[in-house]
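Trainee: Build me a model:
(one chain, ligands or ions: 2)
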Amino acid sequence: MGALLRDGIGRTVDYLRLSVTDRCDLRCVYCMAEDMHFLPRRQLLDLEELYRLARLFVGRGVRKIRLTGGEPLLRPGIVGLCERIAALPGLDELVLTSNGSQLVKLAAPLAAAGVRRLNISLDSLDPQRFRAITRNGDLQRVLDGLEAARQAGFARIKLNTVVMKGRNADEVLDLVDYVIARGLDISFIEEMPLGDVGHSRGERFCSSDEVRALIARRYALIDCDERSSGPARYLRLPDHPGTRVGFISPHSQNFCASCNRLRITAEGRLLLCLGHAEALDLRELMRNEADDRALHAAIDGAILEKAAGHDFSLAGDVQVARFMNASGG
Ligand code: SAM
Ligand code: SF4
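Mentor: Ligands and ions are numbered 1, 2, ... in the order given. Model (predicted):
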């Protein structure tokens, strides 16, 4: 194996989020503007380029890869790509984040291809609200997808919920009940200021502490030391051992000191930090015939520039022009 990926302040990167498309069948209000333009297909990494980058990063000590987007399950060839990446020697797990809309069809093939865990985004259990938050989504389709995923044998399924006052904060307990009944995990996320989505991010901000207080009204909670290799902090519910409740709190609990990840956007830009614009154009290098050594050298140079942390605040509005769907969120 090549040398581990270390940034300029000594953090080791062993987690890669690889975006396979910027397209999506939903238009979640916190992620996208109403009128989105997507990349022309030739600007997306092709399947061979995606696989090559996965192989290169696993060769440098990346142990976990998350495929994301946009909606990764809209990418033609996704199951075959999963199969190839999951088989890379040295990779501990291939996981995927999805909005669930394609899971009725794809849950079983993805599990068979070696995807170990799934994160499924779900912000409301009310069909009208779900439609309003996603601007066009069909809740039943996602719930059916979730059931298909439960049957498909993934090691773990976790829901991701972006909590917004006046939209879904009053559903926190319903969502916790829902995951407890099904033995799933859930993470509650504070909205991040990526892209001009047409509203002020501070307007509907709901802190993780407020969410925790809501849950504590119904359930005993204990902090748990265990951390995933991500920014989430977890709580256990002693009366419901099958469920963990996580919080991703970019505003109220900065997690940058332990950041272990890099992102690659669907057009092949290596993003060093979600909260900064600096990126390395890996697609250009690959399409200019760079060999593996040249790619490694470019990555080693870029990673030294990884910022110590994001500067997200609720005061200003757009802080990073790039939307979440284009970031490999
Ligand atoms: N389409 C897939 C999905 O929705 O799960 C994968 C891509 S989506 C960009 C990945 C995650 O980012 C989702 O859980 C979504 O809720 C979250 N997300 C999107 N925009 C966000 C924002 N502005 N702040 C916080 N989380 C956001
Ligand atoms: Fe699509 Fe996921 Fe963004 Fe929602 S959060 S618009 S499902 S990419």
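Trainee: For Ala108, which residues are in contact?
Mentor: Applying C-beta atoms under 8 Å, 6 or more residues apart in numbering, we find Ala108 in contact with 148, 151-152. Every residue, glycine included, has its C-beta placed from N, CA and C.
Trainee: Let's see which of the residues you listed end up in helices.
Mentor: Using DSSP state H, 148, 151-152 are the members of those that sit in helices.
Trainee: Buried ones only from the residues you listed, please, as a PyMOL command.
Mentor: Remark: buried members of the ones in helices among the contacts of Ala108, expressed as a PyMOL selection using 16 or more other C-beta atoms under 10 Å:
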select buried, resi 148+152
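Trainee: Name the member of the ones in helices among the contacts of Ala108 with the shortest distance to ligand 2.
Mentor: Nearest to ligand 2 among these is Ala148, at 17.2 Å by C-beta to the nearest ligand atom.
Trainee: Quick check: closest non-adjacent residue to that closest one.
Mentor: Leaving aside its chain neighbours, Ala148 sits nearest to Ala107 (4.1 Å; criterion: C-beta to C-beta, 6 or more residues apart in numbering).
Trainee: Of all the residues in the helix or strand hosting the one you found, which ones are buried?
Mentor: Using DSSP states H and E, the element containing Ala107 is helix 103-113. If you call a residue buried by 16+ other C-beta under 10 Å, then helix 103-113 has these buried ones: 103-104, 106-108, 110-111, 113.
Trainee: just stretch 246-265 next, same as before
Mentor: Within stretch 246-265, the residues scored as buried using 16+ other C-beta under 10 Å are 246-251, 255-256, 259-265.
Trainee: Sitting in strands, which of these do you find?
Mentor: Cross-referencing the buried residues of stretch 246-265 against strands under DSSP state E gives 246-248, 261-264.
Trainee: so, in contact with ligand 2 or not, the helix holding Ala107?
Mentor: No: shown here: helix 103-113 not in contact with ligand 2 (C-beta under 6 Å from any ligand atom), separated by at least 12.4 Å.
Trainee: pLDDT of that helix, averaged?
Mentor: For helix 103-113, mean pLDDT is 98.
Trainee: that older thread, farthest pair within the ones in strands among the buried residues of stretch 246-265?
Mentor: Pairwise distances across these (C-beta to C-beta) peak at 26.0 Å, for the pair Phe247 and Ile264.
Trainee: if we can go back for a sec, with only the CA atoms kept, save the helix holding Ala107 in CSV.
Mentor: Output of helix 103-113 as CSV, limited to C-alpha atoms (Å, rounded to 0.1, in the frame of the first residue of the first chain):
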residue,chain,number,x,y,z
LEU,A,103,-34.8,1.3,-3.7
VAL,A,104,-37.7,-0.9,-4.5
LYS,A,105,-35.9,-1.9,-7.6
LEU,A,106,-32.3,-1.6,-6.5
ALA,A,107,-32.1,-2.5,-2.8
ALA,A,108,-31.5,-6.2,-3.3
PRO,A,109,-29.0,-5.8,-6.2
LEU,A,110,-27.0,-3.3,-4.2
ALA,A,111,-26.8,-5.6,-1.2
ALA,A,112,-25.8,-8.4,-3.4
ALA,A,113,-23.1,-6.2,-5.0
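Trainee: ok now stretch 24-35, how far from the chain's centre?
Mentor: 15 Å (C-alpha atoms, centre = their mean, to the nearest Å).
Trainee: Compute the first-to-last residue distance for it.
Mentor: Taking C-alpha to C-alpha, to the nearest Å, the first and last residues of stretch 24-35 lie 12 Å apart.
Trainee: Kindly report the same for stretch 5-15.
Mentor: 10 Å.
Trainee: From the chain's centroid, how far away is that stretch?
Mentor: Centroid separation for stretch 5-15 versus its chain: 19 Å, with C-alpha atoms, centre = their mean.
Trainee: Contacts for it next, please.
Mentor: So stretch 5-15 is contacted by 4, 57, 60-66, 229-230, 258-262, 272, 299-300, 303-306, 308 (C-beta under 8 Å, 6+ apart).
Trainee: shouldn't Phe323 be in contact with Ala33?
Mentor: Yes: look at Phe323 against Ala33 with C-beta atoms under 8 Å: they come within range, at 7.2 Å.
Trainee: Which one of the buried residues of stretch 246-265 is nearest to Ala279?
Mentor: Looking across those and measuring by C-beta to C-beta, the closest to Ala279 is Thr265, at 7.4 Å.
Trainee: Next one: that closest one from Asn119, what distance?
Mentor: Look at Thr265 and Asn119: by C-beta to C-beta, to the nearest Å, they are 18 Å apart.
Trainee: do stretch 160-180 and ligand 2 meet at all?
Mentor: No: taking C-beta under 6 Å from any ligand atom as the criterion, stretch 160-180 and ligand 2 are apart, separated by no less than 7.9 Å.
Trainee: Cool, thanks, signing off.
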